[in-house]
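**Q** quick check, what structure comes out for this input:
(one chain, ligands or ions: 1)
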Amino acid sequence: MAVSCDALIVGGGPAGSTCAAELVRAGLDVVVMDKHAFPRDKVCAGWITPPVVEALKLDCADYARGRVMQPVRGFRAGMLEAAADVEIRYDEPASYGIRRCEFDHYLLQRSRARLRLREPMKTMARDGSAWLVNGEIRTPLVVGAGGHFCPVARSLGARPGRAETIVSAQEIEFQMSERDRSECRVDDEVVQLYFCPDLKGYGWCFAKGGYLNIGLGREDNHKLSEHVEQFCRWLQQRGMIPRDLPGKFNGHAYLLYPESRRNLTADGALLVGDAAGLAYARSGEGIRPAVESGLLAAAAIVATRGDYRQANLAPYVSRMTGRFGGRSSNGESASWLPRGVREQLAARLMATRWFVRHVVVDRWFLHTEQQPVAAMMR
Ligand SMILES: Cc1cc2nc3c(=O)[nH]c(=O)nc-3n(C[C@H](O)[C@H](O)[C@H](O)COP(=O)(O)OP(=O)(O)OC[C@H]3O[C@@H](n4cnc5c(N)ncnc54)[C@H](O)[C@@H]3O)c2cc1C
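**A** Numbers count the residues shown, from 1 in each chain. Take a look at the predicted model:
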């Protein structure tokens, strides 16, 4: 027998749980479906910036009870394989390190939506003016929050793996033993960032509450594992990470906002988070756009008063463009410069404290120039 709800959200990550929480708050009967049981892990460095804490109205002291919430007060950045790097410090926490298995579970529980976990979405078919999902859930609205390979995004025309320019990244996260700690020169309050010489990606290394996260992401998938191995060898030679890493690296793909061409809406459907392809171009940060798109989507949904025709969902698209810009270019490309010149220029700039602080960290990674998303919701 069919069950029904006002809105079905496919995917219980930060995008889905944020949207769900807002819709529940507005009085809608919301179901979140996820193919995994929670808590579940997600391939991620687990770095969140202060606007995420603010947008989620996260009570840091409450959250930190029994969970990792590592304040980050500094960044060390440079070019991979270069001898020198630059360290900058902030008086206040400039970011936080969380563990996705804890963070996503906390947000999903807090949303107070009805949960259907360990249940993959397989089909969605039009049933009059509503959707019939998996042949048994009837709903007028489906929110696609299922990450890069979201089945709702596919229904809206996305072709993951085909005709999309992706970022591929790999990471490993593990609890450090006493021996690991003694072999590891990474300061808990400082994120380490090292850019690939060809400027197509960067590696990171980041300690949080006794866990170490190491990873590397690149704009192309070509020989990614070799880049990761090379990065780890280099960190090991510098005595920054343990000689033996437990376990294997895990990989995942996602889209950067300027490259993504995914449709954000259709009649009775919209996409949020990685399903929509929203990660920031320079840093690859995806949690903030996931949370912010969840909030903007919920506001647009509530404003339609239950008439979810695509034209009525258009304010979501325009607010996303207002927030993240047009999709063709991030306007910061220096690709008119020959590659060799660009690489030399980058190496010089990355050795200067001013550039690392004001451009790399403040602008590319922290987006300090962007106003809080709450200002767009009024
Ligand atoms: C290696 C790596 C490191 C990263 N590090 C960072 C970082 O430090 N900070 C940051 O901000 N961003 C980071 N990102 C990006 C970030 O992880 C994503 O942008 C973010 O998780 C997007 O959230 P989301 O809610 O859209 O999707 P997800 O978190 O991917 O959640 C999607 C959910 O949908 C569920 N799902 C999928 N298919 C189905 C289906 N068929 N049926 C039901 N449920 C389904 C999944 O089980 C999952 O729970 C990183 C990405 C990678 C690959």
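**Q** what strand or helix carries the nearest residue to R288 once chain neighbours are set aside?
**A** In space, R288 comes closest to V52 once its chain neighbours are excluded; the distance is 5.0 Å by Cβ to Cβ, 6 or more residues apart in numbering. Backbone N, C-alpha and C define where each C-beta goes, glycine included. Element membership for V52, per DSSP states H and E: helix 50-55.
**Q** give me the helices and strands touching that helix, please.
**A** Packed against helix 50-55 by the contact rule (3 or more Cβ pairs under 8 Å, 6 or more residues apart in numbering; DSSP states H and E) you find strand 95-97, helix 287-303.
**Q** redo those as CSV? Include distance to E219 and mean neighbour count.
**A** Below are the helices and strands packed on helix 50-55 laid out as CSV (distance: least, Cβ to Cβ, whole Å; neighbours: other Cβ atoms under 10 Å):
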stretch, distance to E219, mean neighbour count
strand 95-97, 23, 23
helix 287-303, 17, 25
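**Q** the ones you listed: which one's closest to F195?
**A** For the helices and strands packed on helix 50-55, the distance to F195 is smallest for strand 95-97, at 17.9 Å, taking Cβ to Cβ.
**Q** which outside residues touch that closest one?
**A** Here strand 95-97 makes contact (Cβ atoms under 8 Å, 6 or more residues apart in numbering) with 46-50, 53, 60, 68-72, 191, 206-209, 213, 366.
**Q** at 6 Å instead, please
**A** 46-49, 69-70, 72, 208 (Cβ atoms under 6 Å, 6 or more residues apart in numbering).
**Q** reformat those residues as CSV; add secondary structure and distance to the ligand.
**A** Output for the contacts of strand 95-97, formatted as CSV (DSSP: H, G, I helix; E, B strand; the rest coil; distance: Cβ to the nearest ligand atom, whole Å):
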residue, secondary structure, distance to the ligand
G46, coil, 5
W47, strand, 3
I48, strand, 6
T49, coil, 7
M69, coil, 14
Q70, strand, 12
V72, strand, 11
K208, strand, 10
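**Q** all helices for the stretch 101-250 of the chain, in order.
**A** 151-155, 178-183, 224-237 (DSSP state H, counting those that start in this stretch).
**Q** and the ligand, which of those is closest to it?
**A** helix 151-155 (4.5 Å; Cβ to the nearest ligand atom).
**Q** residues touching A21, list them.
**A** S111.
**Q** got the CA coordinates for the helix or strand containing it in PDB?
**A** Assigned by DSSP H and E, A21 belongs to helix 14-25. Below are the C-alpha coordinates for helix 14-25, written out as PDB (Å, rounded to 0.1, in the frame of the first residue of the first chain):
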ATOM      1  CA  PRO A  14      24.200  17.800   5.100                       C
ATOM      2  CA  ALA A  15      22.200  19.100   2.100                       C
ATOM      3  CA  GLY A  16      19.300  16.700   2.800                       C
ATOM      4  CA  SER A  17      19.100  17.000   6.500                       C
ATOM      5  CA  THR A  18      19.300  20.800   6.400                       C
ATOM      6  CA  CYS A  19      16.500  21.100   3.900                       C
ATOM      7  CA  ALA A  20      14.500  18.500   5.900                       C
ATOM      8  CA  ALA A  21      14.900  20.400   9.200                       C
ATOM      9  CA  GLU A  22      13.700  23.600   7.700                       C
ATOM     10  CA  LEU A  23      10.600  22.000   6.000                       C
ATOM     11  CA  VAL A  24       9.700  20.200   9.300                       C
ATOM     12  CA  ARG A  25      10.000  23.500  11.100                       C
END
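**Q** and the angle from that helix to helix 287-303?
**A** 30 degrees (axes from the mean of the first three to the mean of the last three Cα atoms, to 10 degrees).
**Q** can you list the residues of the stretch 1-150 of the chain near the ligand?
**A** Contacts of the stretch 1-150 of the chain with the ligand, taken as Cβ under 6 Å from any ligand atom, map to 10-16, 33-36, 42-47, 120-121, 145-147, 150.
**Q** and the longest strand seen in the chain, what does it pack onto?
**A** Longest strand in the chain, counting residues (DSSP state E): strand 166-175. For strand 166-175, the packing partners by 3 or more Cβ pairs under 6 Å, 6 or more residues apart in numbering; DSSP states H and E come out as strand 211-218, strand 250-255.
**Q** can you dump the C-alpha atoms of it in PDB for me?
**A** These are the backbone C-alpha positions of strand 166-175, laid out as PDB (Å, rounded to 0.1, in the frame of the first residue of the first chain):
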ATOM      1  CA  ILE A 166      34.700  16.200 -12.200                       C
ATOM      2  CA  VAL A 167      37.000  16.600  -9.300                       C
ATOM      3  CA  SER A 168      38.400  13.300  -8.000                       C
ATOM      4  CA  ALA A 169      39.700  13.100  -4.500                       C
ATOM      5  CA  GLN A 170      41.000  10.400  -2.200                       C
ATOM      6  CA  GLU A 171      41.400  10.500   1.600                       C
ATOM      7  CA  ILE A 172      42.200   8.400   4.600                       C
ATOM      8  CA  GLU A 173      41.100   9.000   8.200                       C
ATOM      9  CA  PHE A 174      42.300   7.100  11.200                       C
ATOM     10  CA  GLN A 175      42.800   7.300  14.900                       C
END
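**Q** and that strand with helix 224-237, angle?
**A** Using the same axes, to 10 degrees: strand 166-175 against helix 224-237 is 40 degrees.
**Q** contact partners of strand 166-175?
**A** In contact with strand 166-175 (Cβ under 6 Å, 6+ apart) are residues 43, 45, 210-211, 213-215, 217, 219, 221, 224, 228, 246, 249, 251, 253-254, 256, 284.
**Q** just the closest residue of the protein to the ligand, please.
**A** For the chain, Cβ to the nearest ligand atom, closest residue to the ligand: G286, 1.7 Å.
**Q** quick one: contacts for that residue?
**A** So G286 contacts 254, 274, 279 (Cβ under 6 Å, 6+ apart).
**Q** count of neighbours near L278?
**A** For L278, the count of nearby residues is 27 (other Cβ atoms under 10 Å).
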